[in-house]
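J.: Pasting the sequence and the predicted coordinates here, then a few questions.
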Amino acid sequence: MKINLLYVVFGGILFSCFCFSCTKDIGYNPLIAYSDKALYDSCRNEEAFQYYKNDPAAVYSGSNGPHGAFKLKFNKIAQTALTDNGKLPAGNSFPDGSMVVKEVQHNGMYALMYKRSGSWLWAEINSDGSVAYSVNKDGGAGCISCHSQGGHRDLVVSFNFY
């Protein structure tokens, strides 16, 4: 009987040590998913994107903007908002988690928009991963001035021209 009681007490102590010793807080920064590096890595994942109008060979002139010729692609979340003609209907918005990427042809830069909490994060990241314009810079103030022109398609201006 003493041995059974000893096993129960000792087992309870071991169980308590096991359960409560593993409650260490884990350092986790939820914003890391929205860092320049994470968004750059996402841009390079071809399987996660579909090119504008399902045409990976199409290169658009970019004559109406600062980036020059580009290819345009959307992640799977953004694609859910597009119509059969590949455009966002006027007056509609992309859902959170949407990502729109311009692959700039002359230098390999990624100019991107990522929708988070109802607002766009903006970045320009060079082909080598160096940051030309950080998502942390100024809330995209330098981008919004051009992207807020007419069309009413959630600040995606390419739909106005192509």
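T.: Great, that's in hand.

J.: State the number of residues packed around the closest residue to residue 76 other than its chain neighbours.
T.: What sits nearest to residue 76 in space, not counting adjacent residues and going by CB to CB, 6 or more residues apart in numbering, is residue 48, at 6.6 Å. For glycine as for every other residue, the C-beta is placed from the backbone atoms N, C-alpha and C. Other residues lying near residue 48 total 14 when counted by other CB atoms under 10 Å.

J.: show me what contacts residue 48?
T.: By CB atoms under 8 Å, 6 or more residues apart in numbering, residue 48 lies in contact with 42, 75, 76.

J.: again with residue 126
T.: Here residue 126 is in contact with 107, 108, 109, 132 (criterion: CB under 8 Å, 6+ apart).

J.: Quick check on it: phi, psi?
T.: Main-chain dihedrals, residue 126, degrees, to the nearest 10: phi -70, psi 160.

J.: Next, work out how far apart it and residue 110 are.
T.: 8 Å (CB to CB, to the nearest Å).

J.: just residue 51 next, same as before
T.: Residue 51 is 14 Å from residue 110, where distance means CB to CB.

J.: Wait, a helix at residue 159?
T.: Yes - assessed with DSSP: H, G, I helix; E, B strand; the rest coil, residue 159 lies in a helix.

J.: Could you identify the helix or strand that succeeds the lowest-mean-pLDDT helix or strand in the chain?
T.: Lowest on mean pLDDT, DSSP states H and E among the helices and strands of the chain sits helix 2-21, with a mean of 51. Once helix 2-21 ends, the next helix or strand along the chain (criterion: DSSP states H and E) is helix 36-43.

J.: ok, and for that following helix, which residues are buried?
T.: The neighbour-count check on helix 36-43 (16 or more other CB atoms under 10 Å) flags 36, 39, 40, 42, 43 as buried.

J.: Kindly indicate which of the residues you listed lies nearest residue 80.
T.: Checking the buried residues of helix 36-43 against residue 80 with CB to CB, the nearest one is residue 42 at 16.8 Å.

J.: What confidence value was assigned to residue 123?
T.: Note on residue 123: pLDDT of 95.

J.: Looks to me like it is in a strand.
T.: Yes - judged by three-state DSSP, residue 123 forms part of a strand.

J.: element containing the residue nearest to it when sequence neighbours are not counted?
T.: Spatial nearest neighbour of residue 123, excluding adjacent residues (CB to CB, 6+ apart): residue 135 at 4.6 Å. Of the helices and strands defined by DSSP H and E, none includes residue 135.
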